[in-house]
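Quick check, what structure comes out for this input:
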Amino acid sequence: MADWFNLRLFAVVGVVGLVLGYFGVHMTYVALHDGTQLEISCADYVAKKPDAKWLRLTGCQYDLDHYAFKLKSDSSSEIGRVYLSLRPVGVTTGPTQILVERRDDDMLRVIEWAERGGGRAPPQPAFSHIQAQLDRPIQGLVKFGIDLERREKNDLDKLDLDLARDFVIVDDGARPHLIVGIILIVVGISLAGVCVFLFVREMRRQQAAPPPRPVLGNRPLVRRPLFGNRPLFRRRRR
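Down below sits the predicted model:
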């Protein structure tokens, strides 16, 4: 039983190593592909979306009439992230091309108050801090690949946010992390390699081991002569 537990443990840890390596490859790719931040206006970005993922968007305004939020878990009522519609300055109609995902405490407090305030005064200084940030450029990473959950985008598409078919989600404040990506690759490959080695060695050890002796209670079964070492029949001497 313990041997099979070891095999399962090696397999699980090996899969964890592969997942870490996969995330590391993704982060390294983003850092190498988008090592330099692209500064672009919201109007230019909406007109023709570039391949760059690390953005600094200028000339934007939030459409605060269109936002959504996601709870931390299915069993929680606490807001975990907020999605805000972003438009070029002066544009008030048309499908939303850009959603900004925010998870900072100030924004979460303000949205929590907007949804469940119940007539209470807005939370200060969070409300003032958010108001001061509304006109600043938006800096973050466009989510794609493993960062973008298909269910997340499908759920947002079903809401009344007037989203364009090719809308993007910008993770506010996110930036590439080359060193972290490389560390994850090294750790993931090391974990997976060690687990594969231990898994193969354990399998060979089990195949080479002799079959266990049958046991009755706490004592092994030993085959003995029925009448000891004496023959059952003896030849009578004359």
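
okay but Ser85 is in contact with Tyr67, surely?
Yes - with contact defined as CB atoms under 8 Å, Ser85 reaches Tyr67; the gap is 6.6 Å. Where C-beta positions appear, they are placed from N, C-alpha and C, glycine not excepted.

list residues touching both of those two?
Shared contacts of Ser85 and Tyr67, defined by CB atoms under 8 Å, 6 or more residues apart in numbering, comprise Leu161.

what about Arg175, how many neighbours?
13 (other CB atoms under 10 Å).

Report the contact partners of the nearest residue to Ser77 once chain neighbours are set aside.
Leaving aside its sequence neighbours, Ser77 sits nearest to Leu71 (CB to CB, 6 or more residues apart in numbering; 6.6 Å). When contacts are counted by CB under 8 Å, 6+ apart, Leu71 is found next to Ser77, Glu78, Ile79, Gly80.

What distance do you get for Leu71 to Arg81?
9 Å (CB to CB, to the nearest Å).

ranges for the strands of this structure?
Here the chain has its strands, by DSSP state E, at 38-41, 54-58, 60-71, 79-88, 96-102, 138-142, 163-172, 215-216, 219-220.

Quickly list the domain ranges of this protein.
According to automatic domain parsing, the chain comprises the domains 1-35+176-212, 36-175.

which of the contacts of Leu71 tops the neighbour count?
Ile79 (18 neighbours).

Contact partners for that residue?
Phe69, Lys70, Leu71, Lys72, Leu108, Ile111, Glu112, Glu115.

ok, and the closest non-adjacent residue to it?
Phe69 (4.9 Å).

Quick check on Ala174: phi, psi?
Main-chain torsions, Ala174, degrees, to the nearest 10: phi -70, psi 150.

which residues does it contact?
Gly140, Leu141.

hang on, the earlier thing: so the residue nearest to Ile79 sits right up against Leu84, yeah?
No - checked against CB under 8 Å, the pair Phe69 and Leu84 is beyond contact range at 9.7 Å.

So between the two, which is more surrounded?
Leu84 (24 against 17).

And the more buried one, how far from Arg151?
Taking CB to CB, one finds Leu84 at 20 Å from Arg151.

ok, now Gly117?
From Gly117 to Arg151 the distance is 29 Å (CB to CB).

more crowded one of these two?
Per other CB under 10 Å, whichever of Gly117 and Arg151 has more neighbours is Gly117, with 12 against 7.

Look up the pLDDT of the more buried one for me, please.
Note for Gly117: predicted pLDDT of 72.

how near is it to Ala192?
Distance from Gly117 to Ala192, by CB to CB: 49 Å.

Excluding chain neighbours, what is closest to Val30?
Val30 sits nearest to Pro176 (CB to CB, 6+ apart), 5.0 Å away.

I should have written Leu184 there, sorry.
That would be Gly24: by CB to CB, 6+ apart, it lies 3.0 Å from Leu184.

How about Glu78?
That would be Lys72: by CB to CB, 6+ apart, it lies 5.1 Å from Glu78.

likewise Ala68?
According to CB to CB, 6+ apart, the nearest residue to Ala68 is Tyr83 (4.6 Å).

Just give the number of residues close to that neighbour.
Neighbours of Tyr83 (other CB under 10 Å): 22.

where does it sit relative to Val46, distance-wise?
From Tyr83 to Val46 the distance is 17 Å (CB to CB).

same check, this time on Arg165
With CB to CB as the criterion, Arg165 and Val46 are 13 Å apart.

Show me which of the two is the more surrounded one.
Neighbour count, other CB under 10 Å: between Arg165 and Val46, Val46 has more, with 22 against 7.

what sits against the more buried one?
Taking CB under 8 Å, 6+ apart, one finds Pro88, Gln97, Ile98 in contact with Val46.

Right, I'll leave it there.
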